Each structure stands twice: as structure tokens, then as C-alpha cells.
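# Provide a 3D model corresponding to the input given below.
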Amino acid sequence: MELILWRHAEAEDGVPDSARELTDKGLKQARVMAEWLKPRLPKNIRIIVSPTRRTQQTAAALDGDFETVGAIGPGASAKAILAAAEWPDAKGAVIVVGHQPTLGEVAAFLMSGDPMEWSVRKGAIWWFSNKKKGDLAEVVLHTSISPDML
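Below is the predicted model of the structure:
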């Protein structure tokens with residue numbers, strides 16, 4: 001299984017939180033990251049997205065279908081993200097477009113076994129895979145990259 005955590009791009013301030021839209025910089029961040037991702041994504045991909053406006057706009061940059069999942073919205077737990085993505089047993093790949101601090105907690109848990117508060121930059125991705133070697137499962141970090149590095 002491949003798991004790609006994608007934090008929403010830069011959004012404007014405001015209330016209600018769920019209606020905050022991407023800034024011009026955020027739209028560019030989402031577009032740049034989507035253009036980098038598209039040629040690298042496996043064919044069997046499922047995209048799950050928080051119901052907030054900013055995550056929906058970020059995911060839309062991929063120009064594909066995605067599924068809105070309320071359980072991965074702001075304040076979700078790392079456990080909820082992994083359950084929604086069906087980690088580590090889903091077939092193919094899953095992109096989760098979500099929020100901090102939860103995505104950082106998921107990344108920390110996958111790398112260390114503890115849901116610590118790691119920072120994930122706006123618009124950045126963390127790409128993991130779960131490899132099975134005999135009876136052992138191994139988590140591999142393929143890349144962690146932010147849009148300003150592209």
C-alpha cells in the first residue's frame with residue numbers, strides 16, 4: 001500500500017474555518033504539487049479529502065475524482081486518518097488531503113510508532129509505503145517535499 005499525506009495549501013484567515021479558501025499563493029502551491037504528483041501516482045489511486053473548502057481546493061488541483069470524508073476533517077485523530085485510508089491493508093494507493101496537526105501525528109506514528117506533533121508544511125506531501133517481507137511489515141518513507149522545493 002502507498003499512503004500519501006497531503007496538507008492543504010495556504011489558506012486565507014477567517015470564519016467559519018470550514019469555508020476558508022486558498023490564497024493565490026495556496027492555489028499555486030496546490031497546482032505545483034499536483035503537477036509533480038500526477039506523473040508519479042500509481043494507476044490504482046483513491047483520494048480522500050477533508051470536507052473543508054481549502055482541502056477540497058487543494059485536491060481539485062489533481063483534476064480527478066475524490067471522496068469527501070468527514071472523519072478526516074479538522075481535529076481528526078491520527079487513528080481516524082489511518083482508518084479512513086485503510087492503512088496498511090488497502091490495495092493500491094491512497095492520498096489523504098487534510099490538516100495539521102493530525103497529518104504530522106500520522107507521519108510521526110508511521111516513522112516512529114508514536115503520534116508526536118511533527119510539522120507538515122502547507123501544501124507539502126509525505127509519501128509512505130507498507131512493504132511486507134515475510135511476516136514483517138516495513139514502513140518506507142519515499143519522499144517528503146513541500147511546494148517551495150519544486
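
# In this protein, where's the longest helix?
Secondary structure of the chain per DSSP state H: the longest helix is helix 24-37.

# So what are the sheet partners of whichever helix or strand comes after that one and their directions?
Note on helix 24-37: by DSSP states H and E, the next helix or strand toward the C-terminus is strand 45-49. Pairing partners of strand 45-49, with direction, according to DSSP bridges: strand 67-68 (parallel), strand 93-98 (parallel).

# Can you dump the C-alpha atoms of strand 45-49 in PDB for me?
In PDB, the C-alpha atoms belonging to strand 45-49 read as follows (Å, rounded to 0.1, in the frame of the first residue of the first chain):
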ATOM      1  CA  ILE A  45      -5.400   5.600  -6.500                       C
ATOM      2  CA  ARG A  46      -8.100   6.600  -4.100                       C
ATOM      3  CA  ILE A  47      -8.200  10.300  -3.000                       C
ATOM      4  CA  ILE A  48      -9.900  11.100   0.300                       C
ATOM      5  CA  VAL A  49     -10.400  14.700   1.400                       C
END
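
# and that strand, which residues are buried?
Using 16 or more other Cβ atoms under 10 Å as the test for burial, strand 45-49 gives 45, 46, 47, 48, 49. Using the backbone N, CA and C atoms, a C-beta is placed for each residue, glycine as well.
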